[in-house]
Structures are given as C-alpha cells and as structure tokens.
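*Asks:* pasting a predicted model and its sequence here:
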Amino acid sequence: MNFSKYRDTNDYREILRLFQKSSEQQNNLLWQNINGKREVYAISNLEIDFVGREVVGFLENPSDLKPGHTAYFKLSYNDTIFKLSDFFVQQDCVSFKFPETLKTWDLRANERFSLDDGEEYSAVLSADSASDVSQQMKVRLKDFSATGLGLTISELNKHIIKQNKTFWIHAINDYKFHRPIVADVMYLSKEIQDKRYRFGVQLQQSLPIEAVKSILG
C-alpha cells in the first residue's frame, strides 16, 4: 500500500469524526495475517461509545479472529487505516478502544494535480440540480484540487458557462456522486486553445476520496 498520501493523526476529535463518518458508509473491513494468509472480514455495522471511547464492529464469524494477533482495520471514510492487538471478540462483534494513532488520506485543499494530455478525463455537470440526464453535459477535466476543477469546453457550448454562475457536478470519469456537488464558476478564459475554452469552478464541498482515486488510479 502506498502511504505517500497518508498522514498520521492522534487528535481525538478527528479520530471520532473518522469513525462517525465511516459508520454511515459501507465497505469497512478488517483483516489478520495468519500463517502467511490474509483473512479478511467485512464489518456490517459500526457503533461508537462516545463516553467509553470504544467502537463495536459487527461481522460474520468473529470467533474466527485470533486474539493476540494484530488486526488491521480499513475504514471507508478517507481510506482510514490502523492496527490493533488489544481487542475483544464477542458472539457477533469485535470491540476495541479508540486507537491512539491512525493513518488517513491527506488531500490538501491547495494541492493541484495536472492531468496527462495524452489521456482524456471528464466531468459531467448541469446548470440545474434537478436536471435529467438529457440536460447534463460532459466537459474535459484538465486539473483538479480537493475543492476545485480546471475544465475545458467547446466553442459551441461556451455560452452555457457564460450564462450560468453555478453548476452541479454529477460525475468525474466513471465515478458518479451520490448527490451532485455544487460548484461556482470562478473564471472563463477569453482565449481559445485547440478549439476549446478553459474555465475553472470552485466546489462547495471537497471531492470524495473515491473520486480522487478514480482519477489518479
């Protein structure tokens, strides 16, 4: 696993938030490496004890876990990961204290990624939050940050950007958002390049980590 985009955190409030966000999502899991084999367990539900600073993870066949062996956890929110040796196995769950430190994906808001011109990246947007697919428009994605997109649009459709100050982003590449992300147009270039105009939007919320990973691979 490449940890270059991860950072360590031991802040209680942030750790609590990561568990809270992950408890609202699927694809939380844990695994153990036993005799050279990785045994993976899907966590169906996470419950958080705020007072006791404990977490309960429900999973099938928790009795298969090996107490005393390190367990590795991957939370769905921000691809958060941590490991524990001190946990308690019960009939249908595993419980543990908040880890003192964990690793979480770190995408800085001002870090901008330029994309290879040799490959085509796209974003799907519309000028109406409730628009159907027929009202959505695909534009080319040239660069991005956690809260902004650099895009290009054809000369034929340039007027759509000029006439609207706000758009709803429905997808990036093959990743479709559960809810469109609202974006404000920050600029529209006056110069044409390769029959396309460049424009930039600022997102009203950060890109989901899954969307970023779909771009960066």
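*Replies:* Ah, there it is.

*Asks:* helices and strands of the chain: which one has the lowest mean pLDDT?
*Replies:* helix 209-216 (a mean of 79; mean pLDDT, DSSP states H and E).

*Asks:* could you list every helix and strand in contact with that one?
*Replies:* strand 137-145, strand 166-172, strand 175-188 (3 or more CB pairs under 8 Å, 6 or more residues apart in numbering; DSSP states H and E). Where C-beta positions appear, they are placed from N, C-alpha and C, glycine not excepted.

*Asks:* mind putting the ones you listed in TSV, distance to L216 included?
*Replies:* Below are the helices and strands packed on helix 209-216 laid out as TSV (distance: least, CB to CB, whole Å):
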stretch	distance to L216
strand 137-145	10
strand 166-172	11
strand 175-188	12
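
*Asks:* would a markdown table of the ones you listed with mean pLDDT and distance to S122 be doable?
*Replies:* Below are the helices and strands packed on helix 209-216 laid out as a markdown table (pLDDT from 0 to 100; distance: least, CB to CB, whole Å):
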| stretch | mean pLDDT | distance to S122 |
| --- | --- | --- |
| strand 137-145 | 92 | 5 |
| strand 166-172 | 94 | 7 |
| strand 175-188 | 91 | 11 |
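
*Asks:* what about this protein, any weak spots by pLDDT?
*Replies:* Counting by pLDDT under 70, the ranges of the chain that qualify are 1-5, 106-110, 131, 217.

*Asks:* change it to 80
*Replies:* 1-6, 78, 105-112, 116-119, 130-132, 209, 213-214, 216-217 (pLDDT under 80).

*Asks:* what segments of the chain are helices?
*Replies:* All helices of the chain, identified by DSSP state H, fall at 12-23, 158-163, 209-216.

*Asks:* do you know how far the closest residue to A183 other than its chain neighbours is from E119?
*Replies:* Distance criterion CB to CB, 6 or more residues apart in numbering; nearest residue to A183, sequence neighbours excluded, is V201 at 3.8 Å. Relative to E119, V201 is positioned 21 Å away (CB to CB, to the nearest Å).

*Asks:* right, I'll leave it there.
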